[in-house]
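In: From the sequence below, what's the structure:
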Amino acid sequence: MTRLVLFNLLLFGSCGYALWKGTRDAKVVAVTCLVAAFASLPFITGYESVEVTVLVVDVVVLALFLYVALRSDRFWPLWIAGLHVTTMFGHALKLMSGDLVPIAYAVALRLWAYPELIILAVAVWRHTQRESMILDKPQPT
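Out: Now for the predicted structure:
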């Protein structure tokens with residue numbers, strides 16, 4: 001229960017912050033994270049076998065993260081896309097070895113969402129810091 005509360009605080013906090021103060025890239029990542037979290041939730045059956053619907057959601061999420069990373073002029077989207085690739089390795093491991101312990105599969109899928117959301121929040125915070133530094137500079141006369 002604590003884990004769920006912590007994740008939801010992080011999800012809504014970082015995505016809300018990105019939607020409020022973030023760049024277009026941050027907003028795309030935030031909406032992607034929010035939609036993915038709610039789209040995959042009803043389809044999780046216990047991690048006994050490959051969660052096919054969650055796999056499809058994760059493939060779409062990876063495609064969107066890669067799209068943002070390839071067109072962005074910042075480095076943080078590459079980190080988020082790279083972390084999501086590690087999530088995809090969890091699906092690959094379960095596909096290759098069906099006897100993978102369900103908890104290991106669950107952790108492999110869930111774990112990397114936390115640093116992805118932290119990176120998003122830090123990226124938006126750094127963006128706001130850069131903007132305020134530009135606005136605080138004295139203008140040449």
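In: who are the neighbours in contact with the residue most central in space within the chain?
Out: Centroid-nearest residue in the chain: residue 116, 4.3 Å away (criterion: C-alpha atoms, centre = their mean). Applying C-beta atoms under 8 Å, 6 or more residues apart in numbering to residue 116 gives the contacts 33, 80, 83, 84. All C-beta atoms are positioned from the backbone trio N, CA, C, and that covers glycine.
In: so what secondary structure elements neighbour whatever helix or strand the last one lives in?
Out: Counting by DSSP states H and E, the secondary-structure element that holds residue 84 is helix 76-96. For helix 76-96, the elements it packs on are helix 24-40, helix 52-71, helix 102-110, helix 113-136, judged by 3 or more C-beta pairs under 8 Å, 6 or more residues apart in numbering; DSSP states H and E.
In: Kindly present the ones you listed as a markdown table, with separate columns for distance to residue 15 and mean pLDDT.
Out: As requested, those are exported to a markdown table (distance: least, C-beta to C-beta, whole Å; pLDDT from 0 to 100):
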| stretch | distance to residue 15 | mean pLDDT |
| --- | --- | --- |
| helix 24-40 | 4 | 96 |
| helix 52-71 | 13 | 96 |
| helix 102-110 | 17 | 91 |
| helix 113-136 | 7 | 91 |
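In: will you turn these into a markdown table that also has distance to residue 91?
Out: Listed next are the helices and strands packed on helix 76-96 as a markdown table, based on distance: least, C-beta to C-beta, whole Å:
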| stretch | distance to residue 91 |
| --- | --- |
| helix 24-40 | 12 |
| helix 52-71 | 5 |
| helix 102-110 | 7 |
| helix 113-136 | 14 |
